[in-house]
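**Student:** Sequence plus predicted model, see below.
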Amino acid sequence: MAGIARVAGPSPITPRSTVNARRRRCCRAMKSTGEEGSNGAAPKLIKLAVSGVTEILRVLSPVKGDSLESVSDDERDGVPASSVDDVVMILTSDYEKAYFVTGVFSSAIYAEDCIFEDPTIRFRGKGLYERNLKLLVPFFDHPSIILHSIQKGDDETYILARWKLRTYLKLPWRPLISIDGKTVYELDDNFAIVRHAESWNISALEAIGQIFTPSFGRPSD
């Protein structure tokens, strides 16, 4: 995910007008189903809740140091894409491996400074994204991620995936997280993902509320 190794020389500078046009098309794709947009600024209370939950998970996490040691570099990094269809194929494979809940994803298709955002948080850097996934994975219990569809945009500047996440969390009150969402993967001229933006069928407040809601059911083995 570091600027993508397949680019021999410096990447061409994309005109601001082109970048803005791409951003508008991606925003339309995210809003097309009426789901909660990730561009809306989360209230301060939600940001504080996310920070608090993150800190709790960091303290409780059994993962110390560099995890994912059992995953080979080839599996984690893969081969950079050379077309939009390549990116679709690689992302499809990552979803089949349930990368949301395993933390194993093809980092080579992401730019080093890729932006990651959802209705509760926004940050930059694929290394930080990998660490965040690594932090969450140990707390998932009976997780599943179902890919409903994945397709490239008409102008091939982005890819849109629709999915469903369901998992219990290994916390004393056994909360159930259930979210239907979609992710827009915005691409640069070298087919690297420069923006990974999620939107959900529930609001950011409802999503945070799920974490603090006790589950009356038990995950079945």
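**Tutor:** Ah, there it is.

**Student:** shaky segments in the chain?
**Tutor:** By pLDDT under 70, the weakly predicted segments of the chain are 1-79, 217-221.

**Student:** how does it look with 50?
**Tutor:** Applying pLDDT under 50 to the chain flags residues 1-14, 16, 33-41, 64-76, 221.

**Student:** For it, which segments count as strands?
**Tutor:** 110-118, 121-124, 140-152, 158-169, 176-187, 193-200 (DSSP state E).

**Student:** now those in TSV, with distance to residue 90 and mean neighbour count?
**Tutor:** Backbone N, C-alpha and C define where each C-beta goes, glycine included. Output for those, formatted as TSV (distance: least, CB to CB, whole Å; neighbours: other CB atoms under 10 Å):
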stretch	distance to residue 90	mean neighbour count
strand 110-118	10	19
strand 121-124	21	14
strand 140-152	11	15
strand 158-169	10	19
strand 176-187	10	20
strand 193-200	10	22
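
**Student:** Any chance of CSV for these, columns distance to residue 98?
**Tutor:** Compiled in CSV, the strands of the chain are given as follows (distance: least, CB to CB, whole Å):
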stretch, distance to residue 98
strand 110-118, 17
strand 121-124, 21
strand 140-152, 5
strand 158-169, 10
strand 176-187, 14
strand 193-200, 16
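
**Student:** any idea how far residue 103 is from residue 162?
**Tutor:** As judged by CB to CB, to the nearest Å, residue 162 and residue 103 stand 21 Å apart.

**Student:** no wait, residue 128
**Tutor:** 13 Å.

**Student:** In terms of neighbours, single out the busier of the two.
**Tutor:** A count of neighbours by other CB atoms under 10 Å puts residue 103 above the other of residue 128 and residue 103, at 23 against 12.

**Student:** okay, now the closest residue to that one other than its chain neighbours: neighbour count?
**Tutor:** Distances taken as CB to CB, 6 or more residues apart in numbering put residue 133 closest to residue 103, at 3.9 Å, once the chain neighbours are dropped. Neighbour count for residue 133, taken as other CB under 10 Å: 18.

**Student:** and residue 133, what does it touch?
**Tutor:** 99-100, 103, 105 (CB atoms under 8 Å, 6 or more residues apart in numbering).

**Student:** And for residue 118?
**Tutor:** Counting by CB under 8 Å, 6+ apart, residue 118 touches 38, 197-200.

**Student:** all helices for this protein, in order.
**Tutor:** With DSSP state H, the ranges of helices along the chain come out as 16-31, 44-60, 73-77, 84-96, 99-102, 126-136, 204-211.

**Student:** Which other helices and strands does the shortest one contact?
**Tutor:** Using 3 or more CB pairs under 8 Å, 6 or more residues apart in numbering; DSSP states H and E as the contact test, the elements touching helix 99-102 are strand 140-152, strand 158-169.
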